[in-house]
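**Student:** Any chance you could fold what I've pasted below:
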Amino acid sequence: MTTGQKVTIEFNDRIVRMFMLASLIWGIVGMLVGVLIATQLNFWQANFGQAWLTFGRLRPLHTNAVIFAFVGNMMFAGIYYSTQRLVKARLASDFLSNLHFWGWQLIIVAAAITLPLGLTRGKEYAELIWPINIAVAVIWVVFGANFFWTLAKRHEKSLYVAVWFYIATIITVAMLYIVNHLSIPTSLTHSYPIFAGVQDGLVQWWYGHNAVAFFLTTPILGIMYYYLPKAAGRPVYSYRLSVIHFWSLVFLYIWAGPHHLLNTALPNWLQLLGMTFSLMLWAPSWGGMLNGLLTLRGAWDKLRTDPVIKFFAAGVTFYGMSTFEGPLLSIKSVNALAHYTDWIIAHVHAGALGWNGFMAAGMFYWLVPRLWNKPLHSQSLANVHFWVGLTGMLLYISAMWASGITQGLMLNATAEGGTILKYPNFLETLNAIRPLMLLRVVGGTLYLAGFVIMGYNIWRSIRGAAAVNGTMEVYVEAPVAGERMGVTGTFLNAPVAYTGLALLGSFVWMFTSGWLNIIGLVLTMICVLFAIGHFQIRGTQWGAWYDRLLVNALPFTVLTFLAVAIGGMIQIIPMLTIDRRLQTEDRVARTYTPLELAGRDLYVHEGCYNCHSQMIRTLVPDVMRYGEYSRLGESIWDHPYQWGSKRTGPDIARVGGKYNHAWHYDHMENPRNISTGSNMPSYSWLKDNPTDYASLSTKIRVQKMLGVPFPNWSPAMIDTLAKEQAKDIAKELRAQGRYVDPDREIVALIAYLQALGKTAEAPAAVSAN
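**Tutor:** Next comes the predicted model:
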């Protein structure tokens, strides 16, 4: 384009329409699966006796569909629509836009096929097998390239606050996804993560927590900062508050992952770090919420008539509620009650349904008239959607709060002066919350009905309408000399210098003792005081530097990356660099036999980790119920770790040797024969399916590459050892009146379950504190 002239830009809104409609469709599918698995928790018959319809296989499908298909497509639609208008430029490449859309949909279809087949990595929110993970990374790079290329072509020099959050999302999700999905394949559909045990758990929740932060939160905050002011016809309440909100949020969020592992074998310093930074998140999170709600000042009258404002106001309110509850749950004493219970489910769904779902609905209702140049078919139906969805959501969340607190109190209750458990049978707690679990199904169904109403309303709105692309007249300006900010301008300035010195001082304070600890604290306080004083005197210089930074996308992106990377490096690198054989406490796991390894892979394949934990916490009721608390060394060779995050069934970390083979056989064939009232599905196909002996040599070779000390067995020896152990188990089963061929999957799974909790003393124990 020639500088100094006005040109008219036609935006690529076709891609926005495609992502929006895909989000709506996948959202309904994902919520439908959610209603099904909630029903399965009440009625085991809803598993229909089919392997691919069991809760363990469908639960990952539900979470991946809602996160990556529903919210992912909604996020891409919102980002592509708003970015083009904020930077006054059409998306850089129609080809990359289309590749992004179709690539993402193929990934979703691949996930929808593989997860019900039991093809999984066994890590929460990170279940997809390695070929799909590579596809995700490639398509994410396509998205990032298209986005940053568009920024390079922009006609609006300064980056608006929404774009800041989009930048943070793109670079942080890439970092998190790549690190947590590092694996070594054993076949086209199977791989082992390179991390194990506590290292794997730490990396997993660094990813898992921040997938929520940077996939479900930061891009939606960017969407809030664009669409909420547009819908309200009001400017953002406070620009200064948005600056504080952004930088404090992206820096603090990344540290909070360890709060998912409180009271476990995770070293205490990491637990303390995760809890502390989680509590600090209260401030920026509520700052963002207040900035959103106060943007509606002077527009509250629209709340009575405009469904878009209703959805946005409720969505931001639920964001505030969820970000209050999250830090609350990170307090160790509260976490001791809530973790592994339905309270966590309530917390997650308050964010997913209230924040993500309602922000998506508000955005869709706002976009439809603008993308199809036709009024929404029915404002009344949109209002019905709001009230039906809100009612369903409140029923769901309230039921899960009550369920989680009830179960947590029952599981932790003791009698006779704390010497015995008041409710020793896990099923007593399950039966007590059945009505609440059923109420969750009702609430979820109502919420799903609201989205079906929206789907009908949008279909009627766009039927027969002519799709339109937005246009904008822009003035092409010549670059101004001195605008570019190099390395010196980016780093050698007061804001960055004070921040760096304060962080250095705080790290010395947090991670040392004695005089160094005092020096670190003093240095931190001096830096903070000097920074405040300097800002009071030279505040205009700080503002001028930041205004200049916003004109330079690359330096802004670099500083954002450093802000999010620091926390991960400080938490994870020490755990990765220490020899894991020293991270054992007073015992170390023995390596699995070939048959036990085959059984462990079956355990992951069936999604058993979705209902059972393998981590006995350092809490008296846990120890009384399940046995000695778990040590770091007991999962040292576990690729992937299986500590779990929800106990729909009891912990099984020490189940090995507790029951005979026949008990496990009967339990898998029909759990109700063993545990009256159990919700667990039957796994009758395990008696018929043959164990995959052929892959064991490759799997053991890969595990040896990862440091697991397997002996130097030949493939023939591995096969022989597995089959000999299988014959021994089958022989014992026959003696107990159970007849099964030795090469069946049930035999391998029994071998694994009987191995759980079998350890040896660690000769050179190292404290985890």
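**Student:** Low-confidence stretches in the stretch 651-769 of the chain?
**Tutor:** 760-769 (pLDDT under 70).
**Student:** do that again at 80, thanks
**Tutor:** Within the stretch 651-769 of the chain, the stretches with pLDDT under 80 are 759-769.
**Student:** all strands of it, in order?
**Tutor:** 759-761 (DSSP state E, counting those that start in this stretch).
**Student:** Leaving out the residues flanking it, which one is nearest to Met275?
**Tutor:** Using C-beta to C-beta, 6 or more residues apart in numbering and skipping residues adjacent in sequence, the residue nearest Met275 is Ser330, 5.0 Å away. C-beta here means a position set from N, CA and C on the backbone, and glycine is covered the same way.
**Student:** quick one: contacts for the one you found?
**Tutor:** Ser330 sits next to 256, 259, 262, 274-275, 278-279 when contact means C-beta atoms under 8 Å, 6 or more residues apart in numbering.
**Student:** Mind doing that once more with 7 Å?
**Tutor:** 256, 259, 274-275, 278-279 (C-beta atoms under 7 Å, 6 or more residues apart in numbering).
**Student:** Including distance to Ala232, neighbour count and secondary structure, could those residues go into CSV?
**Tutor:** Formatted as CSV, these follow (distance: C-beta to C-beta, whole Å; neighbours: other C-beta atoms under 10 Å; DSSP: H, G, I helix; E, B strand; the rest coil):
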residue, distance to Ala232, neighbour count, secondary structure
Ala256, 31, 27, coil
His259, 34, 27, helix
Gly274, 36, 26, helix
Met275, 37, 19, helix
Ser278, 31, 26, helix
Leu279, 32, 17, helix
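**Student:** which one of those residues is nearest Met437?
**Tutor:** His259 (25.6 Å; C-beta to C-beta).
**Student:** Grab the nearest non-local neighbour of that closest one.
**Tutor:** Nearest to His259 is Ser330, by C-beta to C-beta, 6+ apart, at 3.7 Å.
**Student:** could you check the distance from that neighbour over to Ala265?
**Tutor:** 18 Å (C-beta to C-beta, to the nearest Å).
**Student:** Ala553 too?
**Tutor:** For Ala553, the distance to Ala265 equals 43 Å [C-beta to C-beta].
**Student:** what's in contact with stretch 617-627?
**Tutor:** Against stretch 617-627 from outside (C-beta under 7 Å, 6+ apart): 263-264, 336, 411-412, 414, 421, 616, 629, 651, 653-654.
**Student:** How about stretch 68-79?
**Tutor:** Contacts of stretch 68-79 (C-beta under 7 Å, 6+ apart): 16, 19-20, 22-23, 26-27, 30, 104, 108, 166, 216, 219, 223, 356, 360, 363.
**Student:** Out of the contacts of stretch 617-627, which end up buried?
**Tutor:** 263-264, 336, 411-412, 421, 616, 629, 651, 653-654 (16 or more other C-beta atoms under 10 Å).
**Student:** out of all of them, which helix in this structure is the longest?
**Tutor:** Identified as the longest helix of the chain according to DSSP state H is helix 514-549.
**Student:** Can you spell out which helices and strands pack onto that one?
**Tutor:** Contacts defined by 3 or more C-beta pairs under 7 Å, 6 or more residues apart in numbering; DSSP states H and E place helix 514-549 against helix 494-511.
**Student:** Show me what the helix it packs on is packed against.
**Tutor:** Counting contacts by 3+ C-beta pairs under 7 Å, 6+ apart, helix 494-511 is packed against helix 514-549.
**Student:** could you check the angle helix 514-549 makes with the helix or strand following the helix it packs on?
**Tutor:** Using DSSP states H and E, the helix or strand that follows helix 514-549 in sequence is helix 553-577. Per axes from the mean of the first three to the mean of the last three C-alpha atoms, to 10 degrees, the angle that helix 553-577 makes with helix 514-549 is 150 degrees.
**Student:** how about low-confidence regions in the stretch 351-500 of the chain?
**Tutor:** In the stretch 351-500 of the chain (pLDDT under 80), the answer is 477-490.
**Student:** what's the residue nearest to Thr691 when sequence neighbours are not counted in contact with, if anything?
**Tutor:** Of all residues not flanking Thr691 in the chain, Ala748 sits nearest, at 4.7 Å (C-beta to C-beta, 6+ apart). Ala748 sits next to 595, 598-599, 602, 691, 726 when contact means C-beta under 7 Å, 6+ apart.
**Student:** measure Ala748 to Ser684 for me?
**Tutor:** 16 Å.
**Student:** Could you tell me the average pLDDT over the helix or strand hosting Tyr81, please?
**Tutor:** When elements are assigned from DSSP H and E, Tyr81 belongs to helix 72-86. Over the span of helix 72-86, the pLDDT mean works out to 97.
**Student:** After it, heading C-terminal, what element do we hit next?
**Tutor:** helix 94-114.
**Student:** Which other helices and strands does that next one contact?
**Tutor:** helix 14-42, helix 130-152.
**Student:** Let me have those in TSV, adding mean pLDDT as columns.
**Tutor:** Below are the helices and strands packed on helix 94-114 laid out as TSV (pLDDT from 0 to 100):
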stretch	mean pLDDT
helix 14-42	97
helix 130-152	97
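**Student:** Distance to Leu371 for these - can I get that in TSV?
**Tutor:** Below are the helices and strands packed on helix 94-114 laid out as TSV (distance: least, C-beta to C-beta, whole Å):
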stretch	distance to Leu371
helix 14-42	5
helix 130-152	19
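**Student:** So which of the ones you listed is nearest Val558?
**Tutor:** Comparing the helices and strands packed on helix 94-114 by C-beta to C-beta, helix 130-152 comes nearest, at 12.3 Å.
**Student:** list the helices and strands the closest one packs on?
**Tutor:** Helix 130-152 packs on helix 94-114, helix 161-180, going by 3+ C-beta pairs under 7 Å, 6+ apart.
**Student:** between the last one and helix 130-152, how big is the angle?
**Tutor:** Okay, so that is helix 161-180. Orientation check (the same axes, to 10 degrees): helix 161-180 against helix 130-152 gives 150 degrees.
**Student:** Not counting its own residues, what contacts helix 161-180?
**Tutor:** For helix 161-180, using C-beta under 7 Å, 6+ apart, the contacting residues are 79, 82-83, 86, 126, 136-137, 140, 143-144, 147, 203-204, 207, 210-211, 214-215, 218-219, 221-222, 225-226, 242, 246, 250, 556-557, 560-561, 564-565.
**Student:** Show me what counts as buried in that helix.
**Tutor:** Going by 16+ other C-beta under 10 Å, helix 161-180 has these buried residues: 161-177, 180.
**Student:** which ones are touching Leu371?
**Tutor:** Residues near Leu371 by C-beta under 7 Å, 6+ apart: 13, 16-17, 467-468.
**Student:** do that again at 8 Å, thanks
**Tutor:** 13, 16-17, 20, 467-468.
**Student:** Excluding chain neighbours, give the residue nearest to Val243 in space.
**Tutor:** Tyr546 (7.2 Å).
**Student:** ugh, wrong one, I meant Thr8
**Tutor:** Ranked by C-beta to C-beta, 6+ apart and with sequence neighbours excluded, the top spatial neighbour of Thr8 is Glu473, at 5.1 Å.
**Student:** same deal with Ile15?
**Tutor:** Ser97 (4.4 Å).
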